[in-house]
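Engineer: give me the fold of what follows.
(chains A, B and C)
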Amino acid sequence: MLEKVKEIARTVLAEKQADGVLGLMKGQWDIIQPHIFESPVEVDALVIEPKWLLAKMAMTVLRSSREGYRLAVVVRGCDERALTELVKRNQIEKERLVTIGIACTAEQAQACICDRPYPQKLDCGDAVAGVDPFSIESVKELLAGDGPARMEKWANILKRCIKCYGCRNSCPICVCVPCKLEDQVWVETGVIPAEVLSYHLIRAFHLSDTCVACGACQEACPVNIPLMALQLSMREMLRETYGYDAGLDPERNSPILYDLCKEPAAGQALPDWVNSLRKDDES
Amino acid sequence: MSGIAVFLCRCFGEVNRVIDLDSLQKKAERNNDVVSSAVCESLCLADDIEKTASRIRESGAEKVVIGGCSHLARGGAVVDALVERGIKRSAIGLVDLREACAWIHKDHPEGATEKAWDLISMEIAGLHHRRASDDVTVSVCPEAMIVGAGPAGLSAARTLAQMGFKVHLVERGSNPGGMLNLISHVYPSDEKASEKIKTFVDEVDKNSLINFYPKAKINSITGFAGNFNVQVSSSAGEQRLRVGAVILASGARVWLPHGLYRYGKLKNVITQMELERQFIKGPREVKAAVFIQCVGARNHERPYCATMCCPSSLKNAVRIKEENPDARVFILHRDIMTPGSVLEAYYRNALAKGVQFIRFEETNPPEMLGNERVEGVEVIDSVSGMKRKLECDLVVLSTPLIPNDDNVKLAHMLGLQVDRYGFFSEIYPLHPLETRMDGVFICGSARWPVSSDNAMVQGEGAAAKAAALLGSKAVSALSLSRVPGEKFGHAAVNAEKCTGCGNCVAVCPFAACRLQKMGRKSISRINKLRCKACGNCVSVCPNGTVQLPEQDYRAVAAMIKQAFGEESAL
Amino acid sequence: MNSANASSVLIIGGGVAGIGAALDLACCGHAVHLVEKEQILGGQVARLDKLYPTDHCAFCPLWTDIKKLRDNPLVTVHTSTEVKELKREGGRVHAAMVKKPPVIDEGLCVFCGRCAGVCTEAAIETPGEHVYPPTYLVREEICNRCEECVKACPTKAIDFQRREEKSELMFDDVIWASGFMEVDLSPLPEFGLGKHPDIMTAMEFEDWTGEAGVNRGAIIKKSNSIAPRNIAFIQCAGARDQRLLSYCSAVCCMHALKQAQWSIRRNPVIQCVVFYTDLRTVGRDYYDYSQREISGSRVRLIRGRPSHIYPLPGRDGIAIKFENTMTQKREIWKFDMVVLNGNIGSSLRKKDQEKHFSPVLSGEGFVNAASDDISRFSCGFSAAPADVAESVIQASSAAVRAILAKRKS
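Structural biologist: Residues are numbered from 1 along each chain as shown, chains lettered A, B, ... in the order given. From the prediction side, this is the model:
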């Protein structure tokens, strides 16, 4: 599969589909780091392991590059979803982005407890079935019980937090500068562990409709807080109520933000003939 | 931190017999920012206001806390009076110590005093962070655009022109008149429809203040009250108009009963509008006619009554009787909707003229009899319980008006809401011709199905509303408020913090937010005249960039901290 | 605006129609004098507990408009005032008005309630909790003039010696907005009004069961203060009836549905039945409202106008004799409470047809616009039965007609 990816990357550069390819490079002393490949020759050093989310980096590159610079990115499923969310949030211009999609293996899917281990634009590799996170005992256990019981359990877990901000820094969607988690009003400097309700629940809520389940936050956490369980449960709620999945459809806005004219609130069933009027309106 | 003056009102004993106001005053004085405090017998009588105002001036305080009665009692009047004397509304904090504290806790003076201190200290804490929104004034363009030249639009146009305002009357069709061009006579006056619109149409032709744009299409509308920019193409070419107000009088259309009562399959089963067309040409020979009401209305698909079908059938049934004295005429209905005095009399008149009425149930609709042409109607008369077979040579189906297809598009352009059926939404209950967008008014069947007479009355009403705006030389953002003097300012964006995510644009019900490219970034810009300070944007902004200055989140946070912090203990 | 065109208009009636017309005129730069015979503005709509079809309470939308009205420098509000004489004099209208200043001065009342506390006859009250500006009122028909309240008032707002104030003003035009009142049902004894405390009119039921009323929204019988098991709403009581009111009162069908739905909402055990002839649900969202389910149950609709409503002996309740026209069965049902809807008419009905005061009225008491120029502008129920939306729309139309009339002259 690696060879195929390299081939595609070389083609992209040769045909000028993009000015650079952002991917991983195995460089001197076998050190692996992100690199922008700008000539087909450089692509020899491209690697696709380990899992490394490049979405935020792509955003930064495009922001600081010259006007009109186009970037291709080697992406797995989660990365592609993250890029879609960043496009929706006006952080990346769609026209300047090209993706080279690679599928994850079944083992990788297991390791991330991912239920969609492939990008929608799949260029390399075979899509494997994902893992249903709610079939995993540890996830189920974390979300079991009624409100107060869960609150107590999670309050205990979140007590371990040392406010390293690793979760926020590694998250591909967390791009706000300044960030609310650094606002003294909500999260005071010097208070450790972070006040549960302010830091973690603010973050969970802000990401409720844009988290793409990449797992970067959990991987970054030095004290092993199972952050994914929290985000996955919120994603499930949105799936159930609105049939909405973040990162899949660049045209569909989060149902938490809706324009009454354009999309009825969930549960508000409009008569069919009104909906048929909407089909005429393309704007 | 600015100096705060605190005034506590005894209300002639009503407050201080429960709350220890003197201890509150002492505590307030301990606060570093309180530069002056007073406990007064009353604060709302004429002398009191003057005393309070001069005390504030002498102390140099920039902010004021009033501990008195509720806003709706006399507190609001006190605040208004201080604002009149030059103190900024956002600098005054009103705390209800009477209704919300002394009166409801009159059996617990200690607890009431604690609570009173909580309320006062919270207000002192919050007041620091409250700022005033800046205002912006724009001049008003004294011209109006009226969308639709049916009876409602023509009436609005004529009224505004007579008041001296220039009107741009934009019409989709080639001629003015709307639905009145399609019917023979109107109810309840039984005037000829063409005569009815003649005076209006003459006005449109002769009055130089009315510009008529036939075959028009509205391409875009942007702007706000006093300054709408419209791009319209019509047989007069492409045009950009600048108007101060928009009146939507675009009417509605008739629903065709395909699939019901063998319409389209059986000859002489026609709609009411088709009957009107025949009547325009002249009398119709009929042996027996059956009108069927509520065809496609008051059912699951269209659960509303379209207002006009019953009186229209009465009108046409009577006409058939008058033209064919021996004819038998039946109206099959589920209720006869003729509310009021004039329409009820219209109903009685039809009864007197010999029209027969048969009630049927929604679950048992009438059936058509005949092979190529209709020969009769079978109906279960729910009042007698009997099945009746009515021989007839004409069946007229009363179908409802439904919204126009482009209502949603117009609504998008103007930031309006349409109701669940697709008609433009109004401000309930006392402003039926106004919409949530200032400067945009609705009338006629675009708002809700209505007779042409009533559409004309609504057109006048919409013109009255528009005239109030058009007659002002200028309009300021803070004056566009439904609650007088109490608009909570408008949202403000801190351009440096904005990430351009577009959340605010997505949730603004008034289309007041938009993204503007500034260099490589997009920044949210808020139109102060459209913003109604609803706070939607504030709640979805991820990093607190958008705020309502009068209700800044830091004020709320300070109040909460004060309430639950250690300083609140007595 | 050109001051030569500035009009000065008298509006008779301070209900929603009058308030609407006043605001429209003032916002267009014309001076308005709004005359209202009661001490407070808002008319019948202010009395209502809820409004159909949104189930809003009536107060909040009203108070913002009343505040705007009172704050507007072009508007003069005359409450507790009646117009005694109106005549055309040389192109203008001369009006003679009499104000009976209320015993409690609303400008001085701080709404402390001490007067109500010391009143020995319970004659002092607030006209509902929702009133703007807030003030207490003395019900002079109950008051025994002990004047304890005068001593108790901290701002000396109470004075029983106030004299009538007469004034004479000139206007360019008059707009009638005098609304509706209840019409005496005694010519129709079959409805049983007055024969049992639990047979009442719709407005009585509204006052009795309203959230701001004496029972704070609890639905209880007048006879024994226990919750009723069922309530009957009788439509067209007095209306569509050649013996009394030949017209349809326009608002009653929706009003009854609203009262029935709210009764069920407040106490889901209550069964409500509406006896109707035609269920008139013409306005925006009205039909949908009529089909609603509340707490899993629906208001029962029976088509048929009862022929006889009478109290049963002992404490057995009230009997209603009717024919259910859809089943052709004649029945007698028992109810705990009966609400009569329909007997409302223009409040000008009772005026004598004195040419120098009253507008020209039709036979039913509505202002006859075509006939005479003092009568030419009218809106709301004074012109014809109309609901809130209709009344307010007509008010805007009347306002603009008055403005144009001035321009023409």
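Engineer: show the contacting residues for the residue in the stretch 1-150 of chain B positioned nearest to chain A.
Structural biologist: Proximity of the stretch 1-150 of chain B to chain A (C-beta to the nearest C-beta) peaks at B:His129, 9.7 Å away. C-beta here means a position set from N, CA and C on the backbone, and glycine is covered the same way. Taking C-beta atoms under 8 Å, 6 or more residues apart in numbering or on different chains, we find B:His129 in contact with B:Asp552, B:Arg554, B:Ala555, B:Ala558.
Engineer: what parts of the stretch 201-350 of chain C come near chain B?
Structural biologist: Contact residues (C-beta under 8 Å from any C-beta of the partner chain) of the stretch 201-350 of chain C with chain B: C:240, C:246-248, C:250, C:253, C:278-288, C:291, C:303, C:325-328.
Engineer: filter the residues you listed to the buried ones?
Structural biologist: By neighbour count, with 16 or more other C-beta atoms under 10 Å in any protein chain shown, those hold C:240, C:247-248, C:250, C:253, C:278-288, C:303, C:325 as buried.
Engineer: just the element for the nearest residue to B:Ala463 once chain neighbours are set aside, please.
Structural biologist: Take B:Ala463 and drop its neighbours on the chain: the residue closest to it by C-beta to C-beta, 6 or more residues apart in numbering or on different chains is B:Thr159, 3.7 Å away. Under the criterion of DSSP states H and E, B:Thr159 resides in helix B:151-162.
Engineer: only alpha carbons, please: show that helix as PDB.
Structural biologist: Written as PDB, here are the backbone C-alpha positions of helix B:151-162 (Å, rounded to 0.1, in the frame of the first residue of the first chain):
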ATOM      1  CA  PRO B 151     -55.700  44.100  -3.900                       C
ATOM      2  CA  ALA B 152     -53.500  44.300  -0.800                       C
ATOM      3  CA  GLY B 153     -50.500  45.700  -2.700                       C
ATOM      4  CA  LEU B 154     -52.600  48.200  -4.700                       C
ATOM      5  CA  SER B 155     -54.200  49.400  -1.500                       C
ATOM      6  CA  ALA B 156     -50.900  49.800   0.300                       C
ATOM      7  CA  ALA B 157     -49.400  51.600  -2.700                       C
ATOM      8  CA  ARG B 158     -52.300  54.000  -3.000                       C
ATOM      9  CA  THR B 159     -52.200  54.800   0.700                       C
ATOM     10  CA  LEU B 160     -48.500  55.400   0.800                       C
ATOM     11  CA  ALA B 161     -48.600  57.600  -2.300                       C
ATOM     12  CA  GLN B 162     -51.400  59.600  -0.900                       C
END
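Engineer: what's the following helix or strand past that helix in contact with?
Structural biologist: Using DSSP H and E, the next helix or strand after helix B:151-162 towards the C-terminus is strand B:166-170. Strand B:166-170 is contacted by residues B:142-149, B:153-154, B:156-157, B:160-161, B:176, B:204, B:209-213, B:216, B:218, B:230, B:232, B:234, B:241, B:243 when judged by C-beta under 8 Å, 6+ apart.
Engineer: so which of those residues sit within strands?
Structural biologist: B:143-147, B:210-213, B:218, B:230, B:232, B:234, B:241, B:243 (DSSP state E).
Engineer: which of those lies closest to chain C?
Structural biologist: B:Ala144 (13.4 Å).
Engineer: tell me the spacing between the closest residue to that closest one other than its chain neighbours and chain A.
Structural biologist: Excluding its sequence neighbours, the residue lying closest to B:Ala144 (C-beta to C-beta, 6+ apart) is B:Ala245, at 4.6 Å. According to C-beta to the nearest C-beta, to the nearest Å, B:Ala245 stands 21 Å off from chain A.
Engineer: any idea how many residues pack against B:Ala245?
Structural biologist: 29 (other C-beta atoms under 10 Å in any protein chain shown).
Engineer: wait, doesn't it sit right on B:Leu470?
Structural biologist: Yes: counting by C-beta atoms under 8 Å, B:Ala245 touches B:Leu470, with 5.7 Å between them.
Engineer: what residues are shared contacts of those two?
Structural biologist: By C-beta under 8 Å, 6+ apart, the residues touching both B:Ala245 and B:Leu470 are B:Ala144.
Engineer: which residues touch B:Cys309?
Structural biologist: Neighbours of B:Cys309 in contact, by C-beta under 8 Å, 6+ apart: B:Gln272, B:Gln293, B:Cys294, B:Ala297, B:Met337, B:Ser398, B:Thr399, B:Pro400.
Engineer: and which of those residues is nearest to A:Met59?
Structural biologist: B:Pro400 (52.4 Å; C-beta to C-beta).
Engineer: the closest one: how many residues sit nearby?
Structural biologist: Counted with other C-beta under 10 Å, B:Pro400 comes out at 23.
Engineer: what's the answer for B:Lys473, then?
Structural biologist: The tally of other residues near B:Lys473 (other C-beta under 10 Å) stands at 10.
Engineer: look at it and report its pLDDT.
Structural biologist: As predicted, B:Lys473 sits at a pLDDT of 90.
Engineer: then B:His128?
Structural biologist: The model reports B:His128 with a pLDDT of 90.
Engineer: what about it, how many neighbours?
Structural biologist: Using other C-beta under 10 Å: B:His128 sits among 16 other residues.
Engineer: that one reaches B:Asp33, doesn't it?
Structural biologist: Yes: the criterion here is C-beta under 8 Å, and B:His128 meets it with B:Asp33 at 7.2 Å.
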